[in-house]
Every structure is written in C-alpha cells, then in structure tokens.
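[1] I need the structure of the sequence given here:
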Amino acid sequence: MSDTTKKWYVLRAIGGKEKKVKEYIDNEIANGDLKGFVEQVLIPTEKVYQIRNGKKISKERNFFPGYVLIEASLVGEITHTLRNVPNVIGFLGDTKGGDPVPIRQGEVNRILGRVDELAESSEEMNNPFVVGETVKVIDGPFNGFNGSIEAINEEKKKLQVMVKIFGRKTPLELSFMQVEKE
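    Numbers count the residues shown, from 1 in each chain. Got it, this is the predicted structure:
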C-alpha cells in the first residue's frame with residue numbers, strides 16, 4: 001500500500017474528550033511521528049447563544065459529539081498509532097480487525113460547508129419557536145413566568161408572549177434569547 005492520497009476518516013472518541021484527542025494528535029504531528037501522514041484534525045462545532053445573568057454569552061457546542069474528523073493517509077503503523085491515542089475508541093465504520101473506511105467526499109463537503117456556514121453566520125439564529133407553543137421566560141422582570149407564543153417577528157427576533165399575571169393574560173414582547181422551550 002504505497003498510495004499516499006489523504007482521505008477523510010472519522011475517529012470515535014469518548015464523549016467530551018474530543019479536544020484532548022485533537023490536542024494529542026496535533027502534538028504527535030508536531031513531534032514528527034504523524035507528520036506528512038495526518039493533514040488536519042477537525043472537531044465540527046457550532047456557536048450557541050444563551051443568556052446568563054442578563055448577559056448574552058456564546059458557547060461552542062459539538063454537533064457530532066464523540067467524533068473527530070481527520071484527513072490522513074493511513075499507511076503502515078499510522079492506523080495503529082491513531083487507534084491507540086488516549087480516549088480514542090476506534091475508527092467509525094471499520095469491522096473488527098479490518099481497515100478503517102473513509103467517508104465520502106460529498107459527506108465531507110457537507111460537514112465542512114456546515115462548519116463554514118456556522119462560522120460565517122455567527123449572529124444568525126434560526127427560529128426554534130412555533131405560534132401556540134408554551135415557553136418559559138428566563139430573563140427580565142418576568143423571569144420564571146410561563147406563557148404561550150401569540151406571534152413571532154423574524155426580523156427583530158422577538159416573540160409576542162401571553163403571560164398570566166395576577167389571573168389576567170398580559171401580552172409581553174420578548175427576544176428569542178429571553179425565553180426557552182418548556
């Protein structure tokens with residue numbers, strides 16, 4: 001097997017240890033053990049926005065927890081070396097004792113496209129709410145109240161929520177960030 005073409009593979013890692021696996025492989029590349037064989041290591045993440053203590057914070061979240069993508073040429077001992085990285089369970093798709101199966105280029109392009117798309121649309125949030133749905137207010141003076149969504153304003157990212165206050169239904173205009181699904 002003298003083909004040095006690099007293909008994309010998926011390493012299965014212990015959940016929550018993806019960054020450690022990436023760091024370890026990056027260190028191995030820097031040390032020269034995997035240099036030239038492993039092109040890049042990628043953990044697909046997306047930015048998630050939350051409100052904590054009245055402040056909008058962004059957090060990175062894996063959208064494939066437990067998986068690390070690597071572009072590598074698996075020749076000789078490289079497969080063995082990658083399988084024995086701490087916190088790695090094995091390759092996705094390989095049968096016991098068999099060779100790892102590369103993922104299709106179309107699939108790689110879809111994943112990388114999604115990563116790029118999420119990086120570009122850093123402030124963009126999709127609308128996770130539906131009219132009639134019950135939500136809980138998590139920020140502002142009405143924190144802790146429950147209400148149902150009456151209207152959704154996509155452009156302003158606002159919701160019209162009917163909340164029962166002192167036995168009377170009261171309409172509130174709240175941002176997407178101020179409520180969470182019940």
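[2] what is Glu180 paired to in the beta sheet?
    Assessed by DSSP bridges, Glu180 has beta-bridge partners Lys136.
[3] surely it and Ile138 touch.
    Yes: the pair Glu180 and Ile138 qualifies as a contact (C-beta atoms under 8 Å) at a distance of 5.2 Å. No exception for glycine: its C-beta is placed from N, CA and C like everyone else's.
[4] which of the two has more neighbours?
    Ranked by neighbour count (other C-beta atoms under 10 Å), Glu180 and Ile138 place Ile138 first, with 17 against 14.
[5] look up phi and psi at the more buried one.
    Note on Ile138: backbone dihedrals following degrees, to the nearest 10 are phi -120, psi 0.
[6] am I right that it is in contact with Phe176?
    No: Ile138 is beyond contact range of Phe176, at 11.1 Å (criterion: C-beta under 8 Å).
[7] by mean pLDDT, flag the weakest helix or strand of this structure.
    Here the helix or strand of the chain ranked lowest by mean pLDDT, DSSP states H and E is strand 45-52, holding a mean of 74.
[8] strands of this structure, start to end?
    Using DSSP state E, the strands of the chain run over 7-13, 38-42, 45-52, 55-62, 67-72, 88-91, 134-137, 146-153, 158-165, 168-175, 179-181.
[9] contacts for the shortest one, please.
    The one in question is strand 179-181. 128-129, 133, 135-138, 159, 161 (C-beta atoms under 8 Å, 6 or more residues apart in numbering).
[10] and the first one, by the same measure?
    Strand 7-13 has contacts (C-beta under 8 Å, 6+ apart) with 21, 66-74, 82, 85, 87-93, 100-103, 105, 108.
[11] buried subset of these, written for ChimeraX?
    Of those, the buried ones go into a single ChimeraX selection, burial set by 16 or more other C-beta atoms under 10 Å:
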select :21,66,67,68,69,70,72,73,74,82,85,87,88,91,92,100,102,103,108
